[in-house]
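Asker: Predicted structure and sequence below. I'll ask about it afterward.
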Amino acid sequence: MAVELNHTIVPCRDKRASAAFLADILGLAAGPQFGPFIPVETANGVTLDFMDADEIPRIHYCFIVTEAEFDEIFARIRRRGLPYWADPGHRTAGEINHLYGGRGVYFDDPDGHNLEVITQPYK
């Protein structure tokens with residue numbers, strides 16, 4: 001049996017605002033509410049289900065995109081004036097990385113989740 005990730009729950013303070021933030025940055029759409037969740041589906045069919053929560057642990061989410069998509073996403077990050085980093089520990093501010101022959105950037109969502117966008121997988 002092939003194992004694939006189908007969905008994950010993203011705890012947040014405001015599921016609508018958090019789903020809209022990610023969808024806007026990545027150029028995706030937030031779906032209609034499904035039970036307690038607001039879903040954002042990626043191209044490979046994985047759904048991030050945003051759910052209001054009292055406690056919000058800081059979670060890391062990484063998205064692989066094409067070079068053109070990276071340019072668009074990075075432009076949205078800069079237009080919003082969001083802080084960004086080249087590393088997951090947020091030590092190299094205002095830079096992107098060039099690991100594995102690609103490009104990558106880290107930024108936080110409104111709830112402090114550490115978001116990463118890369119053009120090449122880390123293998």
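Answerer: Happy to help now that I have it.
Asker: switch to C-alpha atoms for all contacts and neighbour counts from now on
Answerer: Fine.
Asker: Please enumerate the strands of this protein.
Answerer: Remark: strands assigned in the chain by DSSP state E are 7-12, 38-41, 47-52, 60-64, 104-108, 114-118.
Asker: Output the fifth one as PDB, nothing but the C-alphas.
Answerer: In other words, strand 104-108. C-alpha atoms of strand 104-108 as PDB (Å, rounded to 0.1, in the frame of the first residue of the first chain):
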ATOM      1  CA  GLY A 104      13.700  28.700  -0.100                       C
ATOM      2  CA  VAL A 105      12.200  31.100   2.300                       C
ATOM      3  CA  TYR A 106      10.700  31.000   5.800                       C
ATOM      4  CA  PHE A 107       8.000  33.200   7.200                       C
ATOM      5  CA  ASP A 108       5.400  33.100  10.000                       C
END
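Asker: Which strands and helices lie in contact with it?
Answerer: The contact analysis (3 or more Cα pairs under 8 Å, 6 or more residues apart in numbering; DSSP states H and E) places strand 104-108 against strand 114-118.
Asker: now the shortest one
Answerer: The criterion is 3+ Cα pairs under 8 Å, 6+ apart, and the helices and strands that strand 38-41 contacts are helix 15-26, strand 47-52.
Asker: Return the most buried member of these.
Answerer: Among those, strand 47-52 has the highest mean neighbour count (mean count of other Cα atoms under 10 Å), at a mean of 21.
Asker: Name the surrounding residues that touch that strand.
Answerer: Residues outside strand 47-52 that contact it (Cα atoms under 8 Å, 6 or more residues apart in numbering): 6-16, 18-19, 36-41.
Asker: Give the buried subset of these as a PyMOL selection command.
Answerer: Applying 16 or more other Cα atoms under 10 Å to these leaves a buried subset, and the PyMOL line that selects it is:
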select buried, resi 10+11+12+13+15+16+18+19+37+38+39+40+41
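Asker: circling back to that earlier point, looking at the helices and strands packed on strand 38-41, which is nearest to residue 98?
Answerer: Comparison of the helices and strands packed on strand 38-41 against residue 98 by Cα to Cα identifies helix 15-26 as nearest, at 19.5 Å.
Asker: quick one: average pLDDT of that closest one?
Answerer: Here helix 15-26 scores 98 as its mean pLDDT.
Asker: just the angle between it and strand 7-12, please?
Answerer: 110 degrees (axes from the mean of the first three to the mean of the last three Cα atoms, to 10 degrees).
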